[in-house]
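> Dropping the sequence and predicted coords here.
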Amino acid sequence: MSIDFKELFNEEGRHAPPSTLDTDYIVRRGRRVRARRRASVGASALLGVGAVALASVALASTVPSVGGTSAAGPASSSSAAGPALSASSSPAAEPTGGPTPWGAPPADLAAVSLPDPAPDFPVRLFPDSVQPESSGPGNQSRWVSIFRLAASPERTSTPSPGVVVSHATGPEVTMFVGAYSKPVHLSGLKSQSLAGSPEVAGVVGHLAEYTEKGTTFRCLYFTTGKFTVEIIGADVTTAQFVALGNALTGLQ
Amino acid sequence: MVDEITPDEAGFRQWVAGRSTALRRKAYLLSGSWHTADDLVQETLIASYAAWPRIVKARDIEAYVNRILVNKYVDNQRRPWRRERSVGAVPEPVDSSSRDAFDAVEDRDSPLAQALGALPAGQRAVLVLRYTEDLTVEAIADELDLPQGTVKSRLSRGSEAIRSELERNRLLLAHSAATSTSKPKEL
(Lines give C-alpha, C1' and ligand atoms only; values in the text may rest on other atoms or scores of the structure.)
Protein backbone atom coordinates (compact mmCIF):
# COMPACT_ATOMS: atom_id res chain seq x y z
CA MET A 1 0.00 0.00 0.00
CA SER A 2 1.48 3.36 -1.02
CA ILE A 3 0.84 6.24 1.38
CA ASP A 4 1.52 9.92 0.87
CA PHE A 5 2.49 10.75 4.45
CA LYS A 6 2.70 14.46 3.84
CA GLU A 7 -0.83 14.56 2.50
CA LEU A 8 -2.03 12.34 5.35
CA PHE A 9 -0.53 14.63 8.01
CA ASN A 10 -1.81 17.72 6.21
CA GLU A 11 -5.35 16.44 6.43
CA GLU A 12 -5.04 15.55 10.10
CA GLY A 13 -6.14 18.09 12.69
CA ARG A 14 -7.90 20.34 10.20
CA HIS A 15 -11.13 20.31 12.20
CA ALA A 16 -9.81 21.92 15.35
CA PRO A 17 -12.11 23.06 18.13
CA PRO A 18 -11.92 26.75 19.03
CA SER A 19 -8.67 27.63 20.72
CA THR A 20 -8.75 28.18 24.45
CA LEU A 21 -5.31 29.83 24.52
CA ASP A 22 -5.19 33.07 26.46
CA THR A 23 -2.13 35.08 25.47
CA ASP A 24 -2.53 37.50 28.39
CA TYR A 25 -2.45 34.59 30.83
CA ILE A 26 0.58 33.09 29.05
CA VAL A 27 2.46 36.41 29.21
CA ARG A 28 1.63 36.81 32.92
CA ARG A 29 2.88 33.30 33.72
CA GLY A 30 5.93 33.80 31.51
CA ARG A 31 6.80 37.00 33.39
CA ARG A 32 6.64 35.13 36.68
CA VAL A 33 8.94 32.39 35.34
CA ARG A 34 11.40 35.05 34.16
CA ALA A 35 11.31 36.82 37.51
CA ARG A 36 11.90 33.55 39.37
CA ARG A 37 14.86 32.75 37.12
CA ARG A 38 16.41 36.18 37.68
CA ALA A 39 15.92 35.89 41.41
CA SER A 40 17.57 32.46 41.51
CA VAL A 41 20.54 33.68 39.44
CA GLY A 42 20.91 36.69 41.77
CA ALA A 43 20.67 34.42 44.80
CA SER A 44 23.37 32.10 43.41
CA ALA A 45 25.65 35.09 42.80
CA LEU A 46 25.04 36.33 46.33
CA LEU A 47 25.63 32.84 47.72
CA GLY A 48 28.97 32.67 45.92
CA VAL A 49 29.99 36.11 47.16
CA GLY A 50 28.84 35.18 50.67
CA ALA A 51 30.95 32.02 50.56
CA VAL A 52 33.99 34.06 49.52
CA ALA A 53 33.31 36.58 52.29
CA LEU A 54 32.99 33.82 54.90
CA ALA A 55 36.17 32.17 53.66
CA SER A 56 38.06 35.44 53.97
CA VAL A 57 36.65 35.92 57.49
CA ALA A 58 37.75 32.42 58.43
CA LEU A 59 41.19 33.13 56.99
CA ALA A 60 41.41 36.46 58.82
CA SER A 61 40.44 34.87 62.14
CA THR A 62 43.02 32.08 61.81
CA VAL A 63 45.94 34.38 61.04
CA PRO A 64 46.24 35.94 64.56
CA SER A 65 46.08 32.52 66.26
CA VAL A 66 48.94 31.31 64.06
CA GLY A 67 50.84 34.41 65.06
CA GLY A 68 50.43 33.46 68.71
CA THR A 69 47.96 36.12 69.94
CA SER A 70 46.31 34.68 73.02
CA ALA A 71 42.70 35.92 72.90
CA ALA A 72 41.47 33.85 69.96
CA GLY A 73 38.27 32.72 71.68
CA PRO A 74 34.85 32.59 70.04
CA ALA A 75 33.91 36.04 71.31
CA SER A 76 36.95 37.74 69.85
CA SER A 77 36.68 35.87 66.58
CA SER A 78 33.04 36.84 66.23
CA SER A 79 33.87 40.46 66.98
CA ALA A 80 36.63 40.24 64.37
CA ALA A 81 34.09 38.82 61.97
CA GLY A 82 32.03 42.01 62.10
CA PRO A 83 34.45 44.43 60.47
CA ALA A 84 36.00 41.71 58.31
CA LEU A 85 32.60 40.86 56.84
CA SER A 86 31.69 44.47 56.22
CA ALA A 87 35.11 45.10 54.74
CA SER A 88 34.82 42.18 52.34
CA SER A 89 31.25 43.09 51.56
CA SER A 90 32.40 46.12 49.62
CA PRO A 91 33.21 43.97 46.57
CA ALA A 92 29.98 42.06 47.33
CA ALA A 93 28.04 45.28 46.99
CA GLU A 94 29.22 45.69 43.41
CA PRO A 95 27.39 42.70 41.90
CA THR A 96 24.07 43.57 43.52
CA GLY A 97 24.26 47.32 43.26
CA GLY A 98 23.84 47.63 39.47
CA PRO A 99 20.86 47.10 37.23
CA THR A 100 21.64 43.38 36.91
CA PRO A 101 22.55 40.77 39.53
CA TRP A 102 26.13 41.10 38.30
CA GLY A 103 26.30 44.88 38.66
CA ALA A 104 27.90 47.03 36.02
CA PRO A 105 30.43 45.58 33.55
CA PRO A 106 34.08 46.31 34.35
CA ALA A 107 35.13 49.63 32.85
CA ASP A 108 38.26 48.22 31.22
CA LEU A 109 36.22 45.56 29.43
CA ALA A 110 33.70 48.11 28.22
CA ALA A 111 36.65 50.06 26.80
CA VAL A 112 37.68 47.17 24.51
CA SER A 113 36.47 47.92 21.02
CA LEU A 114 36.69 46.76 17.45
CA PRO A 115 36.69 49.21 14.54
CA ASP A 116 33.55 49.37 12.43
CA PRO A 117 33.97 48.13 9.72
CA ALA A 118 36.22 45.37 11.01
CA PRO A 119 38.89 44.00 8.65
CA ASP A 120 37.35 41.56 6.12
CA PHE A 121 34.11 41.49 8.14
CA PRO A 122 32.36 44.80 7.49
CA VAL A 123 28.87 43.69 8.59
CA ARG A 124 27.78 43.85 12.25
CA LEU A 125 25.13 41.13 12.66
CA PHE A 126 24.17 42.48 16.09
CA PRO A 127 25.23 45.62 17.93
CA ASP A 128 28.39 45.06 19.97
CA SER A 129 27.46 44.15 23.51
CA VAL A 130 28.93 43.53 26.93
CA GLN A 131 26.95 40.88 28.77
CA PRO A 132 27.31 38.12 31.34
CA GLU A 133 28.09 34.75 29.78
CA SER A 134 28.65 31.36 31.34
CA SER A 135 32.12 30.61 30.12
CA GLY A 136 35.72 30.55 31.12
CA PRO A 137 37.24 28.73 34.08
CA GLY A 138 34.67 26.95 36.20
CA ASN A 139 31.95 27.85 33.66
CA GLN A 140 31.00 30.82 35.80
CA SER A 141 29.00 33.84 34.71
CA ARG A 142 31.47 36.55 33.73
CA TRP A 143 31.29 39.76 31.79
CA VAL A 144 32.15 39.25 28.16
CA SER A 145 32.30 41.64 25.20
CA ILE A 146 30.71 40.09 22.14
CA PHE A 147 31.17 41.09 18.50
CA ARG A 148 29.08 39.28 15.84
CA LEU A 149 30.47 39.91 12.38
CA ALA A 150 29.90 38.78 8.81
CA ALA A 151 31.75 39.20 5.55
CA SER A 152 28.48 39.96 3.72
CA PRO A 153 24.91 40.78 4.77
CA GLU A 154 22.66 37.88 5.68
CA ARG A 155 19.73 36.91 3.49
CA THR A 156 16.35 36.66 5.22
CA SER A 157 13.38 34.55 4.27
CA THR A 158 9.86 34.20 5.67
CA PRO A 159 8.99 30.50 5.49
CA SER A 160 5.69 31.10 7.22
CA PRO A 161 3.76 34.13 8.48
CA GLY A 162 5.44 35.79 11.43
CA VAL A 163 8.72 33.94 11.03
CA VAL A 164 11.87 35.54 9.70
CA VAL A 165 14.83 33.22 9.18
CA SER A 166 18.31 34.54 8.42
CA HIS A 167 20.79 32.73 6.22
CA ALA A 168 24.51 33.44 6.07
CA THR A 169 25.81 34.45 2.65
CA GLY A 170 29.48 34.27 3.56
CA PRO A 171 31.84 33.64 6.46
CA GLU A 172 30.68 34.84 9.86
CA VAL A 173 32.62 35.12 13.11
CA THR A 174 31.84 35.69 16.75
CA MET A 175 34.42 37.33 18.98
CA PHE A 176 34.34 37.01 22.76
CA VAL A 177 36.57 39.15 24.93
CA GLY A 178 36.48 38.04 28.56
CA ALA A 179 37.85 40.08 31.43
CA TYR A 180 39.71 37.13 32.85
CA SER A 181 43.04 35.58 32.15
CA LYS A 182 42.52 32.04 30.91
CA PRO A 183 45.76 30.39 29.85
CA VAL A 184 44.64 28.14 27.04
CA HIS A 185 45.56 24.53 27.35
CA LEU A 186 44.45 22.21 24.60
CA SER A 187 43.41 19.49 27.03
CA GLY A 188 40.70 21.90 28.12
CA LEU A 189 39.32 22.29 24.62
CA LYS A 190 37.08 19.32 24.11
CA SER A 191 37.38 17.55 20.77
CA GLN A 192 39.52 20.33 19.34
CA SER A 193 42.85 19.89 17.67
CA LEU A 194 45.63 22.43 17.43
CA ALA A 195 45.95 23.79 13.91
CA GLY A 196 48.63 26.43 14.48
CA SER A 197 50.10 28.99 16.84
CA PRO A 198 49.99 32.34 15.05
CA GLU A 199 51.23 35.54 16.64
CA VAL A 200 48.41 37.92 17.38
CA ALA A 201 48.26 41.15 19.39
CA GLY A 202 51.87 40.62 20.43
CA VAL A 203 51.31 37.19 21.97
CA VAL A 204 51.22 33.60 20.74
CA GLY A 205 47.69 32.48 19.96
CA HIS A 206 46.27 28.99 19.61
CA LEU A 207 44.33 28.08 16.52
CA ALA A 208 42.07 25.08 17.10
CA GLU A 209 39.63 23.21 14.89
CA TYR A 210 36.63 21.04 15.59
CA THR A 211 33.77 19.58 13.59
CA GLU A 212 30.20 19.84 14.69
CA LYS A 213 27.29 18.50 12.67
CA GLY A 214 29.35 18.36 9.51
CA THR A 215 30.75 21.90 9.75
CA THR A 216 34.39 22.52 10.61
CA PHE A 217 34.81 25.43 12.97
CA ARG A 218 38.09 27.22 13.60
CA CYS A 219 38.81 29.11 16.80
CA LEU A 220 41.63 31.45 17.68
CA TYR A 221 42.34 31.82 21.38
CA PHE A 222 44.79 34.19 22.98
CA THR A 223 45.35 35.76 26.35
CA THR A 224 46.86 39.20 26.70
CA GLY A 225 47.08 41.05 29.98
CA LYS A 226 43.91 40.26 31.86
CA PHE A 227 41.80 39.58 28.79
CA THR A 228 41.13 36.33 27.02
CA VAL A 229 39.95 36.55 23.43
CA GLU A 230 38.13 33.79 21.56
CA ILE A 231 37.28 34.18 17.88
CA ILE A 232 35.13 31.46 16.37
CA GLY A 233 34.01 30.99 12.77
CA ALA A 234 33.75 28.65 9.81
CA ASP A 235 35.52 29.19 6.48
CA VAL A 236 37.76 31.83 8.05
CA THR A 237 41.46 31.94 7.22
CA THR A 238 44.20 32.25 9.82
CA ALA A 239 45.17 35.66 8.40
CA GLN A 240 41.59 36.90 8.85
CA PHE A 241 41.52 35.69 12.46
CA VAL A 242 44.83 37.38 13.18
CA ALA A 243 43.70 40.62 11.52
CA LEU A 244 40.59 40.68 13.73
CA GLY A 245 42.62 39.98 16.86
CA ASN A 246 45.09 42.73 15.99
CA ALA A 247 42.26 45.18 15.31
CA LEU A 248 40.95 45.01 18.90
CA THR A 249 41.81 48.12 20.89
CA GLY A 250 41.86 48.60 24.64
CA LEU A 251 43.36 45.20 25.43
CA GLN A 252 46.34 46.65 27.27
CA MET B 1 5.61 41.57 4.10
CA VAL B 2 6.31 40.19 7.57
CA ASP B 3 7.77 42.49 10.18
CA GLU B 4 10.93 41.51 12.00
CA ILE B 5 10.04 39.76 15.24
CA THR B 6 11.22 41.86 18.17
CA PRO B 7 12.55 40.50 21.47
CA ASP B 8 9.88 42.29 23.51
CA GLU B 9 6.33 41.39 24.48
CA ALA B 10 4.86 42.87 21.28
CA GLY B 11 7.12 40.62 19.23
CA PHE B 12 6.05 37.60 21.25
CA ARG B 13 2.35 38.39 20.79
CA GLN B 14 2.90 38.94 17.08
CA TRP B 15 4.60 35.58 16.74
CA VAL B 16 1.91 33.79 18.76
CA ALA B 17 -0.81 35.35 16.62
CA GLY B 18 0.87 34.09 13.47
CA ARG B 19 2.00 30.66 14.58
CA SER B 20 -0.25 29.41 17.38
CA THR B 21 -2.61 27.54 15.01
CA ALA B 22 0.24 25.54 13.49
CA LEU B 23 1.75 24.96 16.91
CA ARG B 24 -1.58 23.72 18.22
CA ARG B 25 -1.97 21.32 15.33
CA LYS B 26 1.51 19.96 15.92
CA ALA B 27 0.70 19.53 19.61
CA TYR B 28 -2.48 17.68 18.65
CA LEU B 29 -0.61 15.32 16.35
CA LEU B 30 1.86 14.64 19.15
CA SER B 31 -0.64 14.16 21.94
CA GLY B 32 -3.66 12.83 20.04
CA SER B 33 -6.06 15.03 22.00
CA TRP B 34 -7.06 18.66 21.61
CA HIS B 35 -7.37 19.09 25.37
CA THR B 36 -3.80 17.90 25.93
CA ALA B 37 -2.65 19.86 22.88
CA ASP B 38 -3.91 23.13 24.36
CA ASP B 39 -2.20 22.39 27.69
CA LEU B 40 1.00 21.51 25.84
CA VAL B 41 0.91 24.68 23.72
CA GLN B 42 0.23 26.81 26.79
CA GLU B 43 3.21 25.31 28.67
CA THR B 44 5.38 25.71 25.57
CA LEU B 45 4.43 29.35 25.10
CA ILE B 46 5.00 30.19 28.78
CA ALA B 47 8.50 28.71 28.56
CA SER B 48 9.05 30.50 25.25
CA TYR B 49 8.00 33.85 26.70
CA ALA B 50 10.37 33.39 29.62
CA ALA B 51 13.26 32.88 27.18
CA TRP B 52 11.92 35.13 24.41
CA PRO B 53 14.82 37.63 24.09
CA ARG B 54 17.27 34.70 23.83
CA ILE B 55 15.04 32.87 21.33
CA VAL B 56 14.78 35.92 19.08
CA LYS B 57 18.53 36.42 19.28
CA ALA B 58 19.06 32.82 18.17
CA ARG B 59 17.07 33.82 15.04
CA ASP B 60 15.41 30.45 14.31
CA ILE B 61 12.36 30.96 16.49
CA GLU B 62 10.38 28.09 14.99
CA ALA B 63 13.10 25.53 15.68
CA TYR B 64 13.56 26.74 19.25
CA VAL B 65 9.83 26.63 20.04
CA ASN B 66 9.46 23.24 18.33
CA ARG B 67 12.19 21.91 20.56
CA ILE B 68 10.42 23.21 23.66
CA LEU B 69 7.13 21.69 22.48
CA VAL B 70 8.62 18.26 21.80
CA ASN B 71 10.59 18.25 25.05
CA LYS B 72 7.48 19.19 27.03
CA TYR B 73 5.53 16.45 25.29
CA VAL B 74 8.20 13.79 25.88
CA ASP B 75 8.60 14.98 29.45
CA ASN B 76 4.87 14.72 30.10
CA GLN B 77 4.81 11.25 28.56
CA ARG B 78 7.59 10.10 30.83
CA ARG B 79 6.06 11.50 33.98
CA PRO B 80 2.30 11.53 33.64
CA TRP B 81 1.88 11.80 37.39
CA ARG B 82 3.34 15.29 37.22
CA ARG B 83 0.36 16.51 35.27
CA GLU B 84 -2.29 15.37 37.70
CA ARG B 85 -3.00 16.91 41.05
CA SER B 86 -5.79 16.19 43.48
CA VAL B 87 -7.79 19.25 44.45
CA GLY B 88 -10.46 19.74 47.04
CA ALA B 89 -12.89 21.49 44.74
CA VAL B 90 -13.28 22.08 41.03
CA PRO B 91 -11.55 25.44 40.49
CA GLU B 92 -13.91 26.74 37.86
CA PRO B 93 -17.19 25.60 36.30
CA VAL B 94 -16.92 23.57 33.12
CA ASP B 95 -17.83 25.50 30.00
CA SER B 96 -20.29 23.06 28.44
CA SER B 97 -20.24 24.67 24.99
CA SER B 98 -16.47 24.39 24.88
CA ARG B 99 -16.63 20.78 26.10
CA ASP B 100 -19.17 19.93 23.40
CA ALA B 101 -16.97 21.48 20.73
CA PHE B 102 -14.01 19.42 21.90
CA ASP B 103 -16.03 16.22 22.19
CA ALA B 104 -17.43 16.66 18.70
CA VAL B 105 -13.93 16.84 17.28
CA GLU B 106 -12.44 14.14 19.51
CA ASP B 107 -15.13 11.73 18.31
CA ARG B 108 -13.70 11.91 14.82
CA ASP B 109 -10.65 9.89 15.80
CA SER B 110 -8.99 9.26 12.44
CA PRO B 111 -6.99 6.18 11.50
CA LEU B 112 -3.83 8.30 11.48
CA ALA B 113 -4.49 9.58 15.00
CA GLN B 114 -5.02 6.00 16.15
CA ALA B 115 -1.83 4.84 14.43
CA LEU B 116 0.17 7.72 15.89
CA GLY B 117 -1.25 7.00 19.32
CA ALA B 118 0.27 3.53 19.24
CA LEU B 119 3.80 4.83 18.61
CA PRO B 120 6.43 5.66 21.24
CA ALA B 121 6.78 9.39 21.99
CA GLY B 122 10.16 9.74 20.28
CA GLN B 123 8.99 8.20 17.02
CA ARG B 124 5.87 10.30 17.00
CA ALA B 125 7.84 13.51 17.51
CA VAL B 126 10.15 12.73 14.60
CA LEU B 127 7.23 11.90 12.29
CA VAL B 128 5.30 15.05 13.20
CA LEU B 129 8.28 17.31 12.54
CA ARG B 130 9.05 15.49 9.29
CA TYR B 131 5.57 15.59 7.81
CA THR B 132 4.09 18.81 9.20
CA GLU B 133 7.18 21.00 9.01
CA ASP B 134 8.78 19.22 6.05
CA LEU B 135 12.05 19.21 7.96
CA THR B 136 15.05 17.22 6.72
CA VAL B 137 16.65 14.48 8.81
CA GLU B 138 19.53 16.87 9.59
CA ALA B 139 17.17 19.62 10.74
CA ILE B 140 15.18 17.22 12.95
CA ALA B 141 18.39 15.89 14.47
CA ASP B 142 19.44 19.45 15.14
CA GLU B 143 16.11 20.46 16.69
CA LEU B 144 15.77 17.41 18.88
CA ASP B 145 19.47 17.15 19.64
CA LEU B 146 19.61 13.57 18.39
CA PRO B 147 22.12 11.76 16.18
CA GLN B 148 21.00 11.63 12.55
CA GLY B 149 21.06 7.81 12.64
CA THR B 150 18.51 7.80 15.47
CA VAL B 151 16.24 10.17 13.54
CA LYS B 152 16.48 7.99 10.43
CA SER B 153 15.65 4.81 12.31
CA ARG B 154 12.74 6.43 14.17
CA LEU B 155 11.42 7.81 10.90
CA SER B 156 11.68 4.46 9.19
CA ARG B 157 10.18 2.43 12.04
CA GLY B 158 7.43 4.97 12.69
CA SER B 159 6.44 5.20 9.03
CA GLU B 160 6.38 1.41 8.75
CA ALA B 161 4.24 1.09 11.87
CA ILE B 162 1.75 3.65 10.56
CA ARG B 163 1.65 1.96 7.18
CA SER B 164 0.85 -1.42 8.77
CA GLU B 165 -1.76 0.11 11.08
CA LEU B 166 -3.50 1.88 8.20
CA GLU B 167 -3.39 -1.28 6.10
CA ARG B 168 -4.91 -3.26 8.98
CA ASN B 169 -7.62 -0.63 9.31
CA ARG B 170 -8.34 -0.76 5.61
CA LEU B 171 -8.69 -4.55 5.71
CA LEU B 172 -10.96 -4.35 8.75
CA LEU B 173 -13.15 -1.78 7.03
CA ALA B 174 -13.28 -3.89 3.87
CA HIS B 175 -14.14 -6.95 5.94
CA SER B 176 -16.90 -5.18 7.85
CA ALA B 177 -18.32 -3.76 4.62
CA ALA B 178 -18.27 -7.22 3.05
CA THR B 179 -19.96 -8.87 6.01
CA SER B 180 -22.63 -6.17 6.26
CA THR B 181 -23.53 -6.48 2.57
CA SER B 182 -23.53 -10.30 2.61
CA LYS B 183 -25.84 -10.43 5.61
CA PRO B 184 -29.41 -11.44 4.58
CA LYS B 185 -31.90 -8.69 5.10
CA GLU B 186 -34.28 -9.21 7.95
CA LEU B 187 -37.87 -9.08 6.97
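Happy to help now that I have it.

> was I right about A:Leu114 contacting A:Leu244?
Yes - using C-beta atoms under 8 Å, A:Leu114 is in contact with A:Leu244, at 7.4 Å. (Each C-beta comes from the backbone N, C-alpha and C, glycine too.)

> Can you pull out the low-pLDDT segments for chain B?
B:1-3, B:78-109, B:171-187 (pLDDT under 70).

> all helices for it, in order.
Listed in chain order, the helices found in chain B under DSSP state H are B:9-31, B:34-50, B:52-57, B:61-78, B:96-106, B:111-117, B:121-132, B:137-144, B:148-182.

> Where do the domain boundaries of chain B fall?
What automatic domain parsing lists as the domains of chain B is B:1-86, B:95-182.

> ok so, going back, okay, the helices of chain B in CSV with distance to chain A next?
Shown next, in CSV, are the helices of chain B (distance: least, C-beta to the nearest C-beta, whole Å):
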stretch, distance to chain A
helix B:9-31, 3
helix B:34-50, 3
helix B:52-57, 7
helix B:61-78, 5
helix B:96-106, 4
helix B:111-117, 5
helix B:121-132, 4
helix B:137-144, 7
helix B:148-182, 5
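
> In JSON lines, list those along with mean neighbour count.
Conversion of the helices of chain B to JSON lines gives the following (neighbours: other C-beta atoms under 10 Å in any protein chain shown):
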{"stretch": "helix B:9-31", "mean neighbour count": "20"}
{"stretch": "helix B:34-50", "mean neighbour count": "21"}
{"stretch": "helix B:52-57", "mean neighbour count": "17"}
{"stretch": "helix B:61-78", "mean neighbour count": "19"}
{"stretch": "helix B:96-106", "mean neighbour count": "13"}
{"stretch": "helix B:111-117", "mean neighbour count": "18"}
{"stretch": "helix B:121-132", "mean neighbour count": "23"}
{"stretch": "helix B:137-144", "mean neighbour count": "19"}
{"stretch": "helix B:148-182", "mean neighbour count": "14"}
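
> Any idea which of these gets closest to A:Lys6?
Among those, the nearest to A:Lys6 by C-beta to C-beta is helix B:121-132 (5.3 Å).

> Could you list every helix and strand that that closest one packs against?
When contacts are defined as 3 or more C-beta pairs under 8 Å, 6 or more residues apart in numbering or on different chains; DSSP states H and E, helix B:121-132 sits against helix A:5-11, helix B:9-31, helix B:61-78, helix B:111-117, helix B:137-144, helix B:148-182.

> is it possible to export these to TSV including distance to A:Ile146?
Formatted as TSV, the helices and strands packed on helix B:121-132 follow (distance: least, C-beta to C-beta, whole Å):
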stretch	distance to A:Ile146
helix A:5-11	40
helix B:9-31	21
helix B:61-78	19
helix B:111-117	43
helix B:137-144	23
helix B:148-182	30
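
> among the ones you listed, which is nearest A:Ser166?
Proximity to A:Ser166, assessed across these by C-beta to C-beta, is greatest for helix B:61-78 (10.9 Å).

> and that closest one, what does it pack onto?
Against helix B:61-78 (3+ C-beta pairs under 8 Å, 6+ apart) you get helix B:9-31, helix B:34-50, helix B:52-57, helix B:121-132, helix B:137-144.

> same thing but at 7 Å, please
When contacts are defined as 3 or more C-beta pairs under 7 Å, 6 or more residues apart in numbering or on different chains; DSSP states H and E, helix B:61-78 packs onto helix B:9-31, helix B:34-50, helix B:121-132, helix B:137-144.

> Please tabulate these in JSON lines and include distance to A:Thr238 as additional columns.
JSON lines is the format used below for these (distance: least, C-beta to C-beta, whole Å):
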{"stretch": "helix B:9-31", "distance to A:Thr238": "39"}
{"stretch": "helix B:34-50", "distance to A:Thr238": "40"}
{"stretch": "helix B:121-132", "distance to A:Thr238": "39"}
{"stretch": "helix B:137-144", "distance to A:Thr238": "28"}
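
> For A:Ser193, which of these is the nearest?
Here helix B:137-144 is closest among the helices and strands packed on helix B:61-78 (C-beta to C-beta), at 23.5 Å.

> Now name the helix or strand holding the spatially closest residue to A:Pro119 that is not a sequence neighbour.
Counting by C-beta to C-beta, 6 or more residues apart in numbering or on different chains, A:Ala243 is the residue found nearest to A:Pro119 once chain neighbours are left out, at 4.3 Å. Secondary structure assigned from DSSP states H and E places A:Ala243 in helix A:238-247.

> tell me which strands and helices that helix is in contact with?
Packing partners of helix A:238-247 (3+ C-beta pairs under 7 Å, 6+ apart): strand A:199-200, strand A:215-224, strand A:227-234.

> A:Phe9 reaches B:Tyr131, doesn't it?
Yes - between A:Phe9 and B:Tyr131 there is a contact under C-beta atoms under 7 Å: 3.8 Å.

> Let's verify whatever residue of the stretch 1-150 of chain A ends up closest to chain B: helix, strand, or coil?
Per C-beta to the nearest C-beta, A:Gly30 is where the stretch 1-150 of chain A lies closest to chain B, at 2.8 Å. Look at A:Gly30: counting by DSSP: H, G, I helix; E, B strand; the rest coil, its state is helix.

> Number of residues surrounding it?
Applying other C-beta atoms under 10 Å in any protein chain shown, we find 21 residues neighbouring A:Gly30.

> Find the nearest non-adjacent residue to it, please.
Using C-beta to C-beta, 6+ apart, the closest residue to A:Gly30 is B:Tyr49 (2.8 Å).

> Please look at the one you found and A:Asp24 and confirm they touch.
No - at 11.3 Å, B:Tyr49 does not count as touching A:Asp24 under the criterion of C-beta under 7 Å.

> Pull up the per-residue confidence for A:Ser160.
Per-residue confidence (pLDDT) for A:Ser160: 59.

> same thing with A:Asn10?
79.

> What's the local residue count around it?
Count around A:Asn10 with other C-beta under 10 Å applied: 13.
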